Structure formats: structure tokens, C-alpha cells
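1. Below are the sequence and a predicted model for it; my questions follow.
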Amino acid sequence: MSAEAKHYDVIRKPIITEKATMASENGAVVFEVAIDANKPQIKEAVESLFGVKVKSVNTTITKGKVKRFRGMLGKRKDVKKAYVTLEEGNTIDVTTGL
């Protein structure tokens, strides 16, 4: 497997919510990442895919909710988010396609 394909396995998709937009005003970008990805892997993937310098990476794991579907109980998957703070002068525009 190539290095670039490995990076795409780490970073799933950008998250565009009201909270993520507020974070982007402070130079941070929010990504959904693989649940087993660690901070150095996320930093390396973002730097190589987007060509930017990463200052820090903060992660959160949101536990999946239990929901009903057609009367049966089901569980949503756990989601890991990475708040990636970029160095001064670096930007990633997540509103356009990759």
C-alpha cells in the first residue's frame, strides 16, 4: 500500500459544523479520523496530504448513541474527531473538493 493511501485511511473526511467553523477562525481544522489513529499519524497525514505545517493535534472520541430503527435497537458507530491546529500562515480550505 502506498504512503498516500495509508494517509487517506487515517483521515476519513472533514467535519463542517458550526463548532468546526468557529474553530477554523482560530486556525484549526476538524477531521473525522480512524478510531485507532494516534496524534503523530494524524499530523503526518495532514502535513503530507495538504502540504501545511501542523502546530498541534487534539482528539476526541464520541461514543455512538443507541437508537431505534424499525422498532429494533441499534447502535451508531463511535467517531473520533481530530482538531488540527495549523502554524501561522497555513490554511486548508475544506469547503472545496480535494
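-> Here it is on my side, so go on.
2. Flag the shaky bits of the protein, pLDDT-wise.
-> 1, 95-98 (pLDDT under 70).
3. ok, residue 73 to residue 66 distance?
-> With distances defined as C-beta to C-beta, to the nearest Å, the gap from residue 73 to residue 66 amounts to 6 Å. In short, each C-beta sits where N, CA and C put it, glycine included.
4. Same question for residue 13.
-> 24 Å.
5. got it, and residue 81?
-> Applying C-beta to C-beta to residue 81 and residue 66 gives a distance of 20 Å.
6. before we move on, what about residue 19?
-> 23 Å.
7. And for residue 16?
-> Residue 16 is 26 Å from residue 66, by C-beta to C-beta.
8. State the helix or strand in which the spatially most central residue of the chain lies.
-> The residue lying closest to the centre of the chain (C-alpha atoms, centre = their mean) is residue 31, at 1.6 Å. Here residue 31 is covered by strand 28-33, with elements defined by DSSP states H and E.
9. How far does stretch 29-37 stretch from one end to the other?
-> 17 Å (C-alpha to C-alpha, to the nearest Å).
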